[in-house]
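everything below, folded, please.
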Amino acid sequence: LAFCRARVVRVPKGPLIRVVGTEVVIPCSVSDYDGPSEQNFDWEFSRETDFVRIVSTWDSTFTSEEYQKRVGHGDIKLRRSSNDAVELVIRNIQPTDQGRYKCSTPSTDATVQGNYDAEVQVKVISDGLSVSSSKARSSMSLKLSEGDSIKLRCSAITTSPEHTHLHVTWQIKSGSTWRDILSLTHEGKFQPGPGYEERYRNGDIRLDTGANDTYRLSVSQASSVDGGAYRCLVSEWVRGADSSWQKIQEKSVEIASVAIQRTDVIISTSNVSVTERDSLDLTCNITTDRSGIFQAEVMWYFSASPDDTLSDAQVLLSMDRDSVVSDSTLISLSHVDRNSYRLLVRDVDVEDSGYYFCQAAVWVPLHNGSWHKVVERTSAPVSVVVTALEPDYEVFLNASKTPKFSDDPTELNCMITNAQDTEANIRFTVSWYYRKRLRSDDVVTEELLATMDADWTLLLGDRSRERTQNGEIIFSKKAVDTFSLRIQWTSESDRGDYFCVISAWSRHRNNSWVKSKDVTSASVSIFWATQDYTLTVEAVKLKPFFVAGHTFEMTCKVSSKNIKTPRYSVLITAEKPLTDQSNPNGTTRIISLNQDSVVRLEDWTDQTRVDGVVLEKVQENEFRYRMYQTQISDAGLYRCVVTAWSPGGGGMWREAVNGLSNPIQIDFQTSGPVFNVSVHSDNPTIYQGELADLLCIVTTEGMALEPDDMSFDVSWFAVRSFALDREPVLLASLDRRGIVTQSRRNGSSDLSLERISPLEFRLRVHGCEDHDFGNHYCVVTPWVRSATGVWQREPDIKAKPIFLSVKMDVLNAFKYPLLIGIGLATVIGLLSCLIGYCSSRWCCKKEVQETRRERRRLMSMEMD
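Numbering: from 1, shown residues only. Sure, this is the predicted structure:
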């Protein structure tokens, strides 16, 4: 392909047939050349043999004397379309221009290859195309009504000696531009213009051919867009040597100027305002200049919004072209005159407010007796406002009962006064509101307490819903004109301003109720002066001196102010020393007595002394607490926590204020023994599956005691971490009676707890596992028998923890896996040898064919 590449100069394939007087454009291009991208061109002309130079792109002196005048006037010129293509343009071509035209390019190649010129034959024929209007005058004016038909004709004929085809196009002028309507192409096809495709498919636009070479345009259902100037544009086409169609000339003639009179539908009045129960009168006018026979079809619509479509609007009434009106009770439609239609709505209601519009269609008779709809229009919507007949009345709110103290009842009455124009179709409902009073100037929005629907259904607000359901707030209607709000037990949160709103409802034709008016009453303030509650509690120790084992007794005296008929609930608390392990928070709730004198043990956990504490009511404001057989562990500060209650709504009690008494101290002076606890293990590091021994050793200092005079509660705990940062887990416990209690365990290891001497307790972990590691310690509670034979509990003692480490025995862990692996390997090896032997013996044996030899003995030479 590279060796075959050479310069190629191209012109259209001839002959080119052109009409005298038209403009001729002959293109010429060059390709596959070397040198600069922009190439030069020379044009020459020959009628017979010799060529005459016409024009050049690079040499201004190239033009011969014969063509200098035409080239100078611009009748002949070159128009460059790209670097490698130009066009020869000849204006107003004449028969003398018929001949051969040659396009040549000067060489810019390194070697001469290809063709450097090309020729084309141009044939000039006479103008035989004639286009005219079918009427004698050149153009006519038509005035039509919307929906009429347009029929226009033009004549086009050609006497060309060549075999040419005509292309006829009807155009309309909109503004300053011409738009195609419908064409009959030179190939005999109909082609609608842009925007006319749908009308062409529906048959509203047609192009017909008639006698004497006439072309008729028919437009049905003409609209305002069909108004304007119409012309007939005819072009002549001929098939070239390459079988393509070429347009050789074009002519046009204006046929007519058409004016379309628009048919409008309007409502005679604009925005309308009527009073309820009156009549609404609207007129729909059809504006048209039709003088012939026609009938109108009218339909009235109603919508709530001006933007609603016909499908969304409600049809009120309709009249067909035969003046038959659809049935309606309160709405009538009448034909006033030829172009006017009246809508009358009697006894209008507020629901009739909205937008009204009418739709009209004009029908004309056809020759066959049928009717044809020529136009349909919809009017602009008219706003109609129906003013409701509002009743005239006033609202008065008074308080028939006001509270003096908290929990007193409150009753408000909302009354309708001076009512006028309240006919049977008017109904009243009430809404109750509350507004909190503030000392500052802050704006407080009102809160809805309750409201009524038109059917007197009560709807509760968030503020009053729960109390109304419990019967604490009552809403009622005492009379036709009186509504009541009653608060059974008024609380301090109910203090504020109250007001009511009376709503008037009107009944419509469809028996529905619509709110027509709201009247708000003046506010009523509910307020009473209050003083802060005061509560004083005094604790008194009845026996100033006592020893362990005796009864502790104290009383709590209560005094209060500004509390209406109070009752008291009492709670006894004890603040133990921080060394007490049973209560690390320091405060213990012992026993309580509520306002109904019901006693309850709170956090008293000493099962041996369930009846050892008593709380009783001595007087209305005095309470006594007793604790029998006191222990040394009972030492601490004791208080009375008193709560004052006042009667609330519905027989309930409401908490008023709390009070705390002075502390009463229980302190035992003793010179008994001092106990110490430690944990010991001979081997804190063990392997899995072994036995772990942990000893809890108790030692005494000071006064010596007999083993029978002391006993111990021992509990073992474990913290499963190195840094004691987790909660301790109870392992097992041994009380002073010798009863062992174990906690539930998840592993396979087991525990045992035993006393091996009066002061030594041993914990054993059998079959230790890895989860048995951690810090282990014991907590000991000593019990000492006093001289009177009473057992006294000493404070709990916690030992310092010892860390138990559980290791894994590597040899025992891998012994059985190694034996199993060696055994399996031996079995698999022997099996492999057996399979190989059997395969070579029977499965893969081959028969070897040996060459048969003759068994002859050697003969002696003599016998040969």
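
show me how the chain divides into domains.
As recorded under the TED database, the domains making up the chain are 8-125, 129-261, 265-387, 394-526, 534-666, 674-807.

residues in contact with Glu23?
Val89, Ile90, Arg91, Asn92, Ile93 (Cβ atoms under 8 Å, 6 or more residues apart in numbering). C-beta coordinates here come from the backbone N, C-alpha and C atoms, glycine included.

among those, who's most crowded?
Top of those by neighbour number is Ile90, holding 21 neighbours under the definition other Cβ atoms under 10 Å.

now the contacts of Glu23 as TSV including distance to Thr551?
Supplementary listing: the contacts of Glu23 in TSV, determined by distance: Cβ to Cβ, whole Å:
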residue	distance to Thr551
Val89	136
Ile90	142
Arg91	140
Asn92	144
Ile93	144
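
dump the domains of the chain into a markdown table; add mean pLDDT as well.
Shown next, in a markdown table, are the domains of the chain (pLDDT from 0 to 100):
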| stretch | mean pLDDT |
| --- | --- |
| domain 8-125 | 89 |
| domain 129-261 | 88 |
| domain 265-387 | 82 |
| domain 394-526 | 85 |
| domain 534-666 | 84 |
| domain 674-807 | 87 |
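
export the contacts of Glu23 to TSV and tack on secondary structure and distance to Arg5?
Output for the contacts of Glu23, formatted as TSV (DSSP: H, G, I helix; E, B strand; the rest coil; distance: Cβ to Cβ, whole Å):
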residue	secondary structure	distance to Arg5
Val89	strand	31
Ile90	strand	33
Arg91	coil	38
Asn92	coil	41
Ile93	coil	37
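
let me know the closest of the residues you listed to Ser523.
Distance to Ser523 across the contacts of Glu23 (Cβ to Cβ) is lowest for Val89, with 96.4 Å.

roughly how far apart are the closest one and Gln792?
134 Å (Cβ to Cβ, to the nearest Å).

likewise for Ile739?
20 Å.

can you check Asp611 too?
18 Å.

okay, those two: which has more neighbours?
Neighbour count, other Cβ under 10 Å: between Asp611 and Gln792, Gln792 has more, with 21 against 8.

how far does stretch 394-414 stretch from start to finish?
11 Å (Cα to Cα, to the nearest Å).

quick one: buried residues of that stretch?
Val395, Leu397, Thr402, Pro403, Ser406, Asp407, Thr410, Glu411, Leu412, Asn413, Cys414 (16 or more other Cβ atoms under 10 Å).

I'd say the first one and Ile416 touch.
Yes - using Cβ atoms under 8 Å, Val395 makes contact with Ile416 at a distance of 6.3 Å.

shared neighbours, these two?
Ile502.

quick revisit: let's have the domains of the chain in JSON lines, adding distance to Cys838.
Formatted as JSON lines, those follow (distance: least, Cβ to Cβ, whole Å):
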{"stretch": "domain 8-125", "distance to Cys838": "82"}
{"stretch": "domain 129-261", "distance to Cys838": "88"}
{"stretch": "domain 265-387", "distance to Cys838": "93"}
{"stretch": "domain 394-526", "distance to Cys838": "93"}
{"stretch": "domain 534-666", "distance to Cys838": "78"}
{"stretch": "domain 674-807", "distance to Cys838": "47"}
